[in-house]
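Trainee: Got a predicted model here, sequence first, then my questions.
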Amino acid sequence: MTASTITKNILSESLKKLLYEKPFNKITVLDITKKSGLNRQTFYYHFEDKFELIKWIYNNDLLHISNETTLYNWDIKLLEGLKVLKKQKHFYVCVVKCDENYFKSYFFNVVKKLFLKGINKIDIENTLDIKNIDFFATYFSHGMCGIILDWIRNGMKDDEEEITKRLKSLVDNIKAYVVEGLKNKDC
């Protein structure tokens, strides 16, 4: 592990500990650096602000999963991602409660890229126009993000395997509908 990654991990852990003491919107860079034993200059060398630190944590937790996700394993990778979120439940619940839009924006962009890739693989004859592809991807991404955000907001009480099964069933049904529509050129 590089010195930079070690420093980022220290700052990340300090923020996570602070979330047990106060809400995210009340935490300052000074609080994070005091908790970590590092100085503010070190923080600003690595991050522009606490939101960039949050984004780094999201990437550290989830980016490798999204990079490994395909049309054929998305449900397995979703379950893996939900387990990562649940493992750090306190952090994600606190951050989403204080600023859900930041997580939603991050997660939406990751999910939409995956849906775009999936729709393009299904539409091998290029029957759908770009507007419809983007519309479908946006629609499904908002739906999936909404389900995940509700799960986080409600304290991650529902079983992540059950959520994954339900979403897989829904996506499989939609995929069958889209494929049938493409055969009939109704989309």
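Mentor: Received the coordinates, thanks.

Trainee: quick one, helices of this protein?
Mentor: 3-18, 29-36, 40-46, 50-58, 64-67, 74-87, 89-98, 100-122, 130-153, 160-184 (DSSP state H).

Trainee: Export those helices as CSV, with columns for mean neighbour count and mean pLDDT.
Mentor: Heads up, the C-betas are built off the backbone N, CA and C, glycines and all. Shown next, in CSV, are the helices of the chain (neighbours: other Cβ atoms under 10 Å; pLDDT from 0 to 100):
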stretch, mean neighbour count, mean pLDDT
helix 3-18, 16, 98
helix 29-36, 17, 98
helix 40-46, 14, 98
helix 50-58, 18, 96
helix 64-67, 15, 86
helix 74-87, 18, 94
helix 89-98, 18, 96
helix 100-122, 17, 87
helix 130-153, 16, 91
helix 160-184, 14, 81
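
Trainee: can you pull the contacts of Leu82?
Mentor: For Leu82, the contacting residues are 148, 151, 160, 163-164, by Cβ atoms under 8 Å, 6 or more residues apart in numbering.

Trainee: Kindly format the C-alpha coordinates of stretch 65-76 as CSV.
Mentor: Extracted in CSV, the C-alpha atoms of stretch 65-76 (Å, rounded to 0.1, in the frame of the first residue of the first chain):
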residue,chain,number,x,y,z
ILE,A,65,-17.2,-4.1,-7.8
SER,A,66,-18.7,-1.9,-10.5
ASN,A,67,-15.6,-2.4,-12.7
GLU,A,68,-16.0,-6.2,-12.5
THR,A,69,-19.8,-6.1,-13.2
THR,A,70,-21.2,-7.5,-16.5
LEU,A,71,-24.6,-8.2,-17.9
TYR,A,72,-24.2,-11.7,-16.7
ASN,A,73,-23.0,-11.2,-13.1
TRP,A,74,-24.6,-7.9,-12.1
ASP,A,75,-26.8,-9.5,-9.5
ILE,A,76,-23.9,-11.2,-7.8
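
Trainee: How about Asp61, nearest residue that isn't a chain neighbour?
Mentor: Val84 (5.1 Å; Cβ to Cβ, 6 or more residues apart in numbering).

Trainee: Could you check how far that neighbour is from Ala3?
Mentor: Between Val84 and Ala3 the computed distance is 25 Å (Cβ to Cβ, to the nearest Å).

Trainee: And Asn126, by the same measure?
Mentor: For Asn126, the distance to Ala3 equals 48 Å [Cβ to Cβ].

Trainee: Ok, Ser169 next?
Mentor: Following Cβ to Cβ, the distance that separates Ser169 from Ala3 is 46 Å.
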